[in-house]
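Enquirer: quick one, structure for this:
(chains A and B)
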2 protein chains.
Amino acid sequence: MSDPTPGPGAEPAEGEETLLDASKLEEQWHQYAELFERLLRDDEREELRRTAAALSPGDLSESLRYLGVDDTARVLQLLPPDLVADVLAEIDQYSVSALLQLLDIEAIADLIEEMPSDEAADFVGELEDDQAREILAAMEPAERQDVAELLRYEPDTAGGLMAKEFIAVPQDATIMQAVDAVRAVEADDREGLHFVFVVDGDGCPAGRIPLVTMLLQPWSTPVDTIMERDPLRVSVDLDQEDVALYVQTHDLVTLPVVDAAGRLVGVIQADDVIDVLEEEATEDYGLLAGTSEELGETSPVRVARARLPWLLGALAGEMATMQIMKHHQATITTTVALTFFLPAIMAMGGNTGIQTSSVVVRGLATGEVSIYRIGRYLMRELGTALLTGSLISVCVMVAARLLLGDMEVAVVLTIAMMTVILSAAMIGTTIPLLLYRAGADPAIATGPFITMSNDFIAVMIYLGMASLLIR
Amino acid sequence: MSDPTPGPGAEPAEGEETLLDASKLEEQWHQYAELFERLLRDDEREELRRTAAALSPGDLSESLRYLGVDDTARVLQLLPPDLVADVLAEIDQYSVSALLQLLDIEAIADLIEEMPSDEAADFVGELEDDQAREILAAMEPAERQDVAELLRYEPDTAGGLMAKEFIAVPQDATIMQAVDAVRAVEADDREGLHFVFVVDGDGCPAGRIPLVTMLLQPWSTPVDTIMERDPLRVSVDLDQEDVALYVQTHDLVTLPVVDAAGRLVGVIQADDVIDVLEEEATEDYGLLAGTSEELGETSPVRVARARLPWLLGALAGEMATMQIMKHHQATITTTVALTFFLPAIMAMGGNTGIQTSSVVVRGLATGEVSIYRIGRYLMRELGTALLTGSLISVCVMVAARLLLGDMEVAVVLTIAMMTVILSAAMIGTTIPLLLYRAGADPAIATGPFITMSNDFIAVMIYLGMASLLIR
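Expert: Modelled structure (predicted):
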């Protein structure tokens, strides 16, 4: 097919894959969903089957996300099991649970056997315990063993990310034997295969051979003479964030995973790491915004539950701020104009706090900010706060004089604004660094809590200075 | 080496690569930096050379980030050119510019020739125009042509991401000829080679062959009979965010890029996409926090310049809020206690606004929120706001009664809080969606601007209701 943008109107011939226009993926997924709905309504099963089967599994699962569970099930029932397995591995958990109610255990077990072991384990891991046990029992022993092993690892570790589909040959093998090992893998499982690993007598990785090397050497060559020695590897219990940093630092496509004894037990592929990075970025973004909900979550109750801790925490903090204001009631009553600038002083403190803390947190996550260069970093933040603080203080002084004509308030406001911005910058920089050093997640020090602390401190500084300076 | 945690103390034997402990990468990079500094001070050049050369290029460049430019240059001068090229491709622009002043044009050109074409182009693209021209002129014609071509594409498109290192064979070739094409590639450039592409008479991709398939077939097989037809591909001018979504959807390792005529002109690797995702996540995170600075930026002036637009914009908004308060001066003066709860009502409106807008923005970025399912999404947000709003309103009513004993303020506060939370949720949901539909970046509607709008609306609702209900 030479036209790269056929759209859902063009009917693919049997066996030909439909290429979507990469610049309008979402629009086309939605168009396919509408087409599926129409074809289901008209009971055009054959055309539906052909159209759906011609999509890549990724495009198909994205399109199905627009359909209800029943319609999704009706589409999937028309498709070959290997494609259904690929699709199930991609669509979200809510749809999967509902779909499972439409299939019997035996059919689900067959589907799971078709999946790569890491996706099969993720899938089974999300089911109810009873259901998972039944499905595992119905699987072929070889696949069951792989999945059961992977289920023993924490989901957010190297063990939870890895797959069992790798090839290992002994050190005394020849390329011929390595090729035979590749040939023994089922054709479907060869897709992500770019390296053969060489293991020593204990099963520990001694080397790796890129397939390109195997292709260019005589097959009688001993693998020992051409392998890249001591391949990079990670331990099975390594946290997934560390796995991602490791893969990024070394630009790896396939990363071997070893157990406590150093034995090769699985491999992690680059696309798994892409998912981890996205997950971690979403988590940090959510913490900055003050929520820990799942992005696809549909239940308002669960969303509210994910957001309330931040809201209630912030509310408790603002009650403390209220006490400060109550304490300065006399000053406020005498000079009501002071309260007019409360929103501004709180906003500048809050925003400065968020800016500094977020840059530290994101910098720590991406490796741009190092705990070993804190001094340099604090100086930079102090310098920045002096610059922004001076400019903003001058702005509010002018505004207070022009809009209010009250010199006393203008003086208090200017001094307080500078103090608030400097203190917010210092708090926003040091708290995440201290949390990081203490082994906690610095991302919890962003968002509502930093805003709340800075609100409290801003009001304290502002009204404290006012009580001292006015009258 | 069987011990996976040798640390900088263990001296690697010649030719052996040092494996770092993946759970403490940053700590070890820092230890190596300190070791390099000590060895430089003691002029232990041979040990320095051996230690540095034994690190992987990724680990070495991370370690060198802790050194000054002069020390970095002194380390690099001891190393072979291919390793220096790998390191230069990884370290940040600030260090590179300084390093370049220590080398002559000819030496730089030689180094750039060693880099993969995409990294070479990124490197040259960041230099001053004059310097770039001189360096290009000093390069070998073949490498110069590749780099010059890549420089013509926008950096944030598929063309800006792709590399020229790919293999294409005609449709009438045999595997034997494909293997010869692989053999013709320099050994260093074979690393990321996992597919051979098959092109038709016009140079358009007709298929791709994974190396694993080539390995298992007789070499006399025509490529036409075993290739995967119509490989997924993107256009050279596709935006890098769309490239990332495409690669993620299809779990690709190597993505072919075609020009306007559909001809194969380059390939994008999964590790390039990892960098794009990180860059985009950092950008969105910065917008949520109200800053557009580069994470590694060292100059307070440039950092302040990146943060001030948000601070000044928010300040302008808070001046409008001030006018609202001034307008209600009479009410405030009569019932000063009203102001005690201003921070709380602003914080709840601001936090709710940030929570809802951030989830929309991140959801749009990752594909979890679709512009085609807005209705469902709005209902969810409304439901959530009703739940959180009710709970928080009850909390503040109780707080106002207990802490203040003022029934009038408590009633105003409770009604206003519910209204503020509902309106903040609606604003936080609709504004990013409207921006997205208008083709703008929804991420600008997060952070300080959403907070400022919600501050304004919260104060307006709260004091407006107070003026109506009290007296």
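
Enquirer: give me the residue ranges of chain A where confidence is low.
Expert: Low-confidence segments of chain A, defined by pLDDT under 70, span residues A:1-16, A:92-95, A:97-98, A:471.

Enquirer: where do the strands sit along the stretch 151-300 of chain A?
Expert: Ranges of strands within the stretch 151-300 of chain A are A:168-170, A:195-199, A:205-210, A:228-229, A:234-235, A:254-258, A:264-269, based on DSSP state E, counting those that start in this stretch.

Enquirer: sheet partners, orientation included, of the first one?
Expert: Paired strands of strand A:168-170, with direction, are strand A:195-199 (parallel) (DSSP bridges).

Enquirer: just give me how far the strand it pairs with sits from the chain centre.
Expert: Averaging C-alpha coordinates over strand A:195-199 and over its chain gives two centres that are 30 Å apart (C-alpha atoms, centre = their mean, to the nearest Å).

Enquirer: contacts for that strand, please.
Expert: A:166-171, A:173, A:178, A:181-182, A:205-211, A:214, A:223-224, A:227, A:231, A:253-254, A:256, A:263-264, A:267 (C-beta atoms under 8 Å, 6 or more residues apart in numbering or on different chains). Yep, even glycine has a C-beta here, placed from its N, CA and C like the rest.

Enquirer: ok, the residue of the stretch 51-200 of chain A found nearest chain B - contacts?
Expert: Among the residues of the stretch 51-200 of chain A, residue A:58 lies closest to chain B, at 3.9 Å counting by C-beta to the nearest C-beta. Residue A:58 makes contact with A:90, B:249, B:250, B:251 under the criterion C-beta under 8 Å, 6+ apart.

Enquirer: the residue in the stretch 101-250 of chain A that chain B sits nearest to: neighbour count?
Expert: Of all residues in the stretch 101-250 of chain A, residue A:249 sits closest to chain B, at 3.9 Å by C-beta to the nearest C-beta. Taking other C-beta atoms under 10 Å in any protein chain shown as the criterion, the count of residues near residue A:249 is 21.

Enquirer: hmm, it is touching residue B:59, no?
Expert: Yes - taking C-beta atoms under 8 Å as the contact criterion, residue A:249 and residue B:59 are neighbours in contact, 6.6 Å apart.

Enquirer: mutual contacts of the two, please.
Expert: With C-beta under 8 Å, 6+ apart as the test, residue A:249 and residue B:59 both reach residue B:25.

Enquirer: gap between the closest residue to residue A:210 other than its chain neighbours and residue A:432?
Expert: Closest residue to residue A:210 in three dimensions, ignoring its sequence neighbours and counting by C-beta to C-beta, 6 or more residues apart in numbering or on different chains: residue A:195, at 5.7 Å. As for residue A:195, its distance to residue A:432 is 39 Å (criterion: C-beta to C-beta, to the nearest Å).

Enquirer: center of chain A - which residue?
Expert: For chain A, the residue whose C-alpha lies nearest the mean C-alpha position (C-alpha atoms, centre = their mean) is residue A:279; its distance is 0.8 Å.

Enquirer: list the buried residues of the strand or helix carrying residue A:321.
Expert: Secondary structure here is read from DSSP states H and E; on that basis residue A:321 sits in helix A:300-327. Within helix A:300-327, the residues scored as buried using 16 or more other C-beta atoms under 10 Å in any protein chain shown are A:300, A:303-308, A:310-312, A:314-315, A:317-319, A:321-322, A:324-325.
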